[in-house]
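>>> What follows is a protein structure lacking sequence information:
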């Protein structure tokens, strides 16, 4: 009988480790690539042709394009991300103020009841409810 038992000898632990490292690095690379593409679209200082040029460069030569983009324009990527997050926060805050303040309710208790009703219907998240409640109570 020629029965061989293959255990971990065909794929040693170090091989599994390096496979996990390469998968991790590949996922990081994909995240960086999509973050750069999102930053290209988000940047208001770039014109249409500049955006198209960067996209062709980043998609056509991904490694070189992303590295050059990060070197050339990476300094302001965080600022643009922060401005985008702040704009979204202002929009949520304005929506909450508009929703709570545009009704006939005038007292804090009525405003809290209305806000709780909006949260129960799924119009706002728990965190948004908490922030709006703090604004009403202070």
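Good, I have the coordinates. Please read these numbers as outputs of a predicted model, since none were measured by experiment. Numbering: from 1, shown residues only.
>>> All the helices of the protein, in order from the start?
Secondary structure of the chain (DSSP state H): helices at 13-42, 48-60, 62-73, 77-101, 108-120, 126-137.
>>> Can you give me the buried ones in the fifth one?
Which is helix 108-120. Burial within helix 108-120, assessed by neighbour count using 16 or more other CB atoms under 10 Å, is assigned to 111, 112, 114, 115, 118, 119. Bear in mind the C-beta positions are built from the backbone N, C-alpha and C, glycine included.
>>> want to try TSV for the helices of the chain, with mean pLDDT as columns?
As requested, the helices of the chain are exported to TSV (pLDDT from 0 to 100):
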stretch	mean pLDDT
helix 13-42	90
helix 48-60	91
helix 62-73	89
helix 77-101	87
helix 108-120	84
helix 126-137	86
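>>> quick one on the thing from earlier: show me the two of the buried residues of helix 108-120 that sit farthest apart.
111 and 119 (12.7 Å; CB to CB).
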